[in-house]
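Enquirer: What shape does this take:
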Amino acid sequence: MLAASGASGAERLVTPGQALQPLLDKAAAGEVLRLAPGQHAGPVHIDRSVSLVGDVGAVLKGNGRGSVIVVTAPDVRIEGVEIRGSGRTVPDMDAAILLQQSALRARIRSNRLVDNLFGVYVHGAAASLVENNEIIGRSDLRLSDSGDGVSIWNAPGTQVVGNTISHGRDGIFVITSRQNVFERNTFTSLRFAIHYMYTHDSRIVGNRSRGNHMAWALMFSDGLEIRDNVSDDDDTHGLMLNFTNASQVVGNVVRHGHEKCVFIYNAHRNVLRDNWFERCPIGIHFTAGSEGNTVSGNAFIGNGVQVKYVGTRFIDWAYQGRGNYWSDNPAFDLDGNGIADRPYRPNDVMDQVLWTLPAAKALSTSPAVQMVRWAQARFPALYPGGVIDSAPLMHPARTPASDAR
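Expert: Here you go, the predicted model:
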C-alpha cells in the first residue's frame with residue numbers, strides 16, 4: 001500500500017507475515033515503512049535513509065542472535081515500535097537497535113525496548129537523538145554479562161532525553177565522546193544510572209535516579225554541567241566525581257543514600273553550588289588532593305557525618321562571603337544577615353581517629369574523647385587540617401520539592 005506523505009516521501013504499510021527486509025532493501029530515501037499491529041520478524045538491516053514507524057501494538061522480534069535492528073545509513077528514524085529478542089553477546093554489541101558509525105543523525109523515539117542485551121547502542125553515530133523510549137533490560141543475567149540501556153561510544157552531539165530505563169547494567173554508559181546531552185531521564189534497578197568516562201563538555205540535567213547501586217558516576221571528564229538531578233535511595237553514592245575537573249555541579253538533590261551523598265576523588269576546579277545532600281551516612285567524602293574547588297550554598301541535612309576529609313590542609317568552604325548550611329550547626333546570627341556569627345568546623349581530631357580506626361567508636365562518649373574535644377574548642381590551634389566554613393548559612397539557600405517515598 002502506497003500513500004502520499006508529503007516531504008517524508010511515500011508510506012508503505014507492512015502487515016504481520018510480510019518479510020520486512022526485502023521492503024527495506026527496495027525503499028527509496030525518505031520512505032516511511034509503517035508496521036501494522038502484530039508481530040513482525042527480525043532481525044533487519046537499514047542501509048538507507050528511511051523511517052520505520054510502528055502503529056500501537058506493533059512488535060519487531062529478533063531471533064535471539066545479534067542485534068534486532070542494525071542501522072548503517074544516516075538520517076534514519078525508528079519510532080513507536082516494541083522491539084524484543086536481541087542476542088546476548090556483549091563484545092558483539094547485541095542490541096535492540098545498533099547505530100553504526102555511519103548512522104549519523106539517527107532519531108530513535110517513543111519505542112519500547114524489552115529484554116534485549118543493550119537497548120540502543122550508539123557506536124559512533126554522531127548527532128543522534130534517543131528520546132522518550134521505555135527501555136527495560138534483562139534481569140536474568142549476571143551484572144558482568146548485562147548490557148546498558150543506552151551505550152555511547154565516540155558520538156559527539158548525541159542527546160539522550162526523556163527516557164525511562166530499568167534493569168541491566170548502566171542506564172547510560174558513555175565513553176570517549178563530547179558535547180552530549182543527557183536530560184530528563186528516569187533510572188531504576190541498575191548499577192549506575194549514568195556512567196561517564198572520558199567525555200567532555202557535556203550536560204547532565206534534570207535526571208532522576210532511584211534504587212540504583214550509584215546514581216551519577218562521572219570519571220575522567222572535564223567541562224561538565226551537572227544540574228538539577230535527583231538521587232533517592234541509591235546504595236553507595238549519589239554523585240561521584242573521579243578525576244572530573246572544571247565542571248559545574250549546581251542544584252542537585254541527593255537524599256537517603258546508603259553510604260555517601262557525594263564522593264569527590266582527585267577532582268579539581270569544580271563548582272559545587274546550591275545542592276541538597278540529605279540523610280546519608282556520609283554527606284560528602286573529599287579526598288585525594290582535590291584542589292581549587294568552590295563549595296558554597298549547599299545544604300547538608302541530617303547526615304551521619306557531614307564531611308569526611310582526611311588531609312592536613314585547611315580548606316575554606318565559603319565563596320565571596322557565602323558558605324553552606326549545616327543542620328547540626330548550633331549557630332547564632334546576632335546581626336541578622338543570614339550568616340552565622342562563628343565559623344563551622346565539621347571535623348576534629350577524634351573524627352580522623354574514628355575514620356582510621358572504626359572500632360574506636362565504642363569510646364566516642366568516653367571522658368578521654370570528651371576532653372580532647374573540649375580542648376580543641378578552647379584552643380583552635382589543636383584542630384587538624386580540614387574543612388572550615390567561614391560563613392555558614394543560617395538557612396538553606398533553597399528547599400527541594402518533597403518526593404513520595
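Enquirer: So the closest residue to residue 269 other than its chain neighbours: helix, strand or coil?
Expert: Using C-beta to C-beta, 6 or more residues apart in numbering and skipping the chain neighbours, the partner closest in space to residue 269 is residue 292 (4.3 Å). (Each C-beta comes from the backbone N, C-alpha and C, glycine too.) Secondary structure state of residue 292, per DSSP: H, G, I helix; E, B strand; the rest coil, is coil.
Enquirer: ok, then the element right after the helix or strand bottoming out on mean pLDDT in the chain?
Expert: Between all helices and strands in the chain, the lowest mean by mean pLDDT, DSSP states H and E belongs to strand 2-3, at a mean of 38. The element immediately downstream of strand 2-3 (helix or strand, assigned by DSSP states H and E) is strand 11-14.
Enquirer: Just the CA trace of the helix or strand following that following strand, in PDB.
Expert: Remark: after strand 11-14, the chain's next helix or strand is helix 20-26, criterion DSSP H and E. Listed in PDB are the C-alpha atoms of helix 20-26, where the atom choice follows Å, rounded to 0.1, in the frame of the first residue of the first chain:
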ATOM      1  CA  LEU A  20      10.400  -6.700   6.200                       C
ATOM      2  CA  GLN A  21      13.900  -6.900   5.000                       C
ATOM      3  CA  PRO A  22      13.100  -7.000   1.200                       C
ATOM      4  CA  LEU A  23      10.900  -4.000   1.700                       C
ATOM      5  CA  LEU A  24      13.700  -2.100   3.400                       C
ATOM      6  CA  ASP A  25      16.100  -3.100   0.600                       C
ATOM      7  CA  LYS A  26      13.700  -1.600  -2.000                       C
END
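Enquirer: Measure how buried the residue nearest to residue 269 is and give me the count.
Expert: 10 (other C-beta atoms under 10 Å).
Enquirer: phi, psi of it?
Expert: Dihedral pair for residue 292: phi 70, psi 20, per degrees, to the nearest 10.
Enquirer: So for stretch 102-118, first residue to last residue, what's the gap.
Expert: For stretch 102-118, the first and last residues are 19 Å from each other (C-alpha to C-alpha, to the nearest Å).
Enquirer: cool, stretch 124-137 as well?
Expert: For stretch 124-137, the separation between the terminal residues is 22 Å (C-alpha to C-alpha).
Enquirer: in it, what's buried?
Expert: For stretch 124-137, the neighbour count (16 or more other C-beta atoms under 10 Å) marks 124-126, 128-137 as buried.
Enquirer: Stretch 85-93 too?
Expert: Applying a neighbour-count criterion of 16+ other C-beta under 10 Å, one finds 85-88, 90, 93 buried in stretch 85-93.
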